[in-house]
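>>> test case, fold it:
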Amino acid sequence: MENVIRTVLPHKCRIIAMSDIHTYDNLLKSVLKKAEYKPGEDYLVIVGDILEHRDNNLSTIRTVMKLCENDRTFCLLGNNDTAVVRMAFSYPYERFAEKFYWKGTTYNQMAESLGFDWCSEENWLDIRRAVHEKYKPELDFMKARPIALDTQEHFFVHAGLENRPDWENTDDNYAITVPWFFTKENPTDKWLVVGHFPVYNFKESNCTNLPIFDYDKKIIDIDGGLGIKPACQLNALIINKDGNNYTYSVVWDTVFDRKTVKSDYHSLLNPVYTNWSNQDIEILSTEEGLAYVRDNVTGQSGYIPESRIYDSKGVKSVYDFLSAFLSVKKGESVFYVEERNGYAKIITDNGKVGWIPKKCLEE
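Purely as a prediction, here's the structure:
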């Protein structure tokens, strides 16, 4: 890794770590407010992927650029952040033309703002020159993003590190793209803080989007799935440093509106983990919008709203825990995500993600 920032933290301070903002700059501001962030006093580490997937790319860059005017703020490079840099500086024509029309991307929005809605071999360099002239500060900022931040007891990187004695020489692309790192090894003797793969992908999440800790390997995944998972949130991991003692807390917020529970619902089911990258779902029965299925990879079974089953190259898949039904009380306020087959997916104030009958919620 060529671009690693090393900083020595003071005896006593707070470090606020966030990742995978994916253009939700208003949510970034909301979570910082909830964390009572104090610029110039607290350290703020954004662990990559501020861009792509939505329309607010430009405002998000500018929000983060403003935050980074403080020398205690660090915005690291994520895999999604590289897209605009490659479009601006390195892609040849064929790749440039392929990516030019991708909606929700930073470069597409930059080009369209200048009136470019098509590209060809004759005009693509004109587009590149015009975009660079208009958006030079934003492009230069993204190009300069460091790969990692190294402190006394914590190492921050978007995706992970290669498990080798000279892990400091991890390939840059590996550091921002390696999947499923929470299941791999931490080659350092420090706490390794990563994003990139939403925590909900892992059994350890226990049906939440809250940060997950592996205390043996000293890995913390903080990616709340924002813009990726149907139920998602933005986490702020707060690391309190007092000498050599470190304690952790979390604040979070989400994009979904609240609804009030109008009648009690009690579930006796226990959630069943499914690994979405390696599963073979078989439908055993269906009744009243629910499917009872078995994952033939693990042999485990459970319930899920029927429309949450997808066909992928002839194999049925789900991207949720099975039997993830929550108990709620009348008068409770929850975040409402979506409705499927008469069941509402919700997020509770303690971070649990799951289903309840839609009729239990007020309209």
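>>> now the end-to-end length of stretch 107-122.
18 Å (C-alpha to C-alpha, to the nearest Å).
>>> which residue packs closest to I239, ignoring adjacent ones?
I15 (4.2 Å; C-beta to C-beta, 6 or more residues apart in numbering). Yep, even glycine has a C-beta here, placed from its N, CA and C like the rest.
>>> look up how far G342 lies from that neighbour.
44 Å (C-beta to C-beta, to the nearest Å).
>>> tell me the secondary structure of the residue nearest to I239, please.
Counting by DSSP: H, G, I helix; E, B strand; the rest coil, the backbone at I15 sits in strand.
>>> that one bridge partners, please.
Y43, I239 (DSSP bridges).
>>> do P357 as well
In beta-bridge terms (that is, DSSP bridges), P357 pairs with Y343.
>>> doesn't N341 make contact with it?
No - between P357 and N341 there is no contact under C-beta atoms under 8 Å: 10.3 Å.
>>> still on that earlier bit, who has more neighbours, I15 and G342?
I15 (23 against 14; other C-beta atoms under 10 Å).
>>> low pLDDT regions in the stretch 51-200 of the chain?
Regions of the stretch 51-200 of the chain meeting the criterion pLDDT under 70 are absent.
>>> pull out the buried residues from stretch 213-226.
Across stretch 213-226, burial judged by 16 or more other C-beta atoms under 10 Å covers 213-214, 218-226.
>>> now, among the residues you listed, which is nearest to E153?
K218 (9.3 Å; C-beta to C-beta).
>>> per-residue pLDDT, that closest one?
On pLDDT, K218 comes in at 98.
>>> repeat for the one 10 residues further on
Confidence at I228, expressed as pLDDT, is 93.
>>> quick check: phi and psi on it?
With angles defined as degrees, to the nearest 10, I228 sits at phi -110, psi -50.
>>> the residue lying closest to it once chain neighbours are set aside and N186, how far apart?
Leaving aside its chain neighbours, I228 sits nearest to P198 (5.8 Å; criterion: C-beta to C-beta, 6+ apart). Shown here: P198 relative to N186, a distance of 19 Å by C-beta to C-beta.
>>> ok, now K38?
30 Å.
>>> who's more crowded, the two?
Using other C-beta under 10 Å, the more surrounded residue of K38 and N186 is N186, with 22 against 12.
>>> and the more buried one, that's in a strand?
No - remark: N186 does not belong to a strand; assigned using three-state DSSP, it is coil.
>>> now do the contacts for it.
161, 192, 217-219 (C-beta atoms under 8 Å, 6 or more residues apart in numbering).
>>> got it, and M1?
Here M1 is in contact with 147-148, 157, 168-172, 175 (C-beta under 8 Å, 6+ apart).
>>> now, those residues that are in helices?
Within these, residues falling in helices by DSSP state H are 172, 175.
>>> just the buried residues of stretch 32-41, please?
Of the residues in stretch 32-41, those buried under the neighbour-count criterion (16+ other C-beta under 10 Å) are 32, 35, 37.
>>> could you dump the residues you listed to TSV with secondary structure and distance to L237?
TSV is the format used below for the buried residues of stretch 32-41 (DSSP: H, G, I helix; E, B strand; the rest coil; distance: C-beta to C-beta, whole Å):
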residue	secondary structure	distance to L237
L32	helix	13
A35	coil	10
Y37	coil	13
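>>> tell me which of the residues you listed is nearest to A236?
A35 (4.7 Å).
>>> doesn't S249 fall inside a helix?
No - assigned with three-state DSSP, S249 falls outside any helix and is strand.
>>> contacting residues for it?
238, 240.
>>> could you pull out the helices for the chain?
Under DSSP H, the chain gives helices at 25-34, 57-67, 82-89, 93-100, 106-113, 124-134, 136-143, 172-177.
>>> the ones you listed: which one's closest to N270?
Using C-beta to C-beta, those put helix 25-34 closest to N270, at 30.6 Å.
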